[in-house]
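> quick one: sequence plus predicted model below, questions after.
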Amino acid sequence: MALDRTDVEKIAHLARLATEENELPGYVDDLSNILKLVEQMDAADTSQVEPMAHPLHMVQRLRDDEVTEQNQRDSFQAIAPQVESGLYLVPKVIE
């Protein structure tokens with residue numbers, strides 16, 4: 001799919017991008033080349049390719065789920081400006 005000058009101008013307008021008149025031909029060529037590359041990739045037969053979440057077949061090493069710190073909520077809330085029922089009270093920022 002090849003783009004023309006009006007297509008690029010419309011894309012730039014929708015994206016709120018300022019473009020110089022002398023730069024438009026380069027943008028037209030670059031964006032057209034990108035779309036041609038996408039068309040080439042779409043043409044590749046991927047029917048036998050199994051979808052994967054990550055390109056490397058690795059297992060993520062996870063640490064044991066255990067408590068590593070003491071509960072210090074009371075000491076932290078003792079220095080807080082406002083606390084109620086174990087919750088920090090903050091000013092309303094959205095009306």
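The structure has been received and is ready for your questions.
> so where's the longest helix in the protein?
helix 24-43 (DSSP state H).
> buried sites along it?
Tyr27, Val28, Leu31, Ser32 (16 or more other Cβ atoms under 10 Å). For the C-beta atoms, the positions are set from N, CA and C on the backbone; glycine is no exception.
> per-residue confidence at the last one?
Ser32 carries a pLDDT score of 94 in this model.
> pull the contacting residues for it.
Met1, Ala2, Leu3 (Cβ atoms under 8 Å, 6 or more residues apart in numbering).
> cool, the third one as well?
Applying Cβ under 8 Å, 6+ apart, one finds that Leu31 lies in contact with Leu3, Val8, Ile11.
> starting at the chain centroid, how far to stretch 31-40?
22 Å (Cα atoms, centre = their mean, to the nearest Å).
> and if you look at stretch 6-26?
24 Å.
> give me the contacts around that stretch.
Leu3, Arg5, Tyr27, Val28, Leu31.
> from those residues, which two are the most distant?
Arg5 and Leu31 (10.9 Å; Cβ to Cβ).
> want to throw the contacts of stretch 6-26 into TSV with distance to Gln70?
Output for the contacts of stretch 6-26, formatted as TSV (distance: Cβ to Cβ, whole Å):
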residue	distance to Gln70
Leu3	62
Arg5	66
Tyr27	59
Val28	63
Leu31	57
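> this structure: helices as residue ranges?
5-14, 24-43, 73-78.
> nearest to Leu87, out of the ones you listed?
For Leu87, the closest of the helices of the chain is helix 73-78, at 8.8 Å, according to Cβ to Cβ.
> now do the closest one: which elements does it pack against?
Under the contact criterion of 3 or more Cβ pairs under 8 Å, 6 or more residues apart in numbering; DSSP states H and E, helix 73-78 touches no helix or strand at all.
> fine, thanks again, bye for now.
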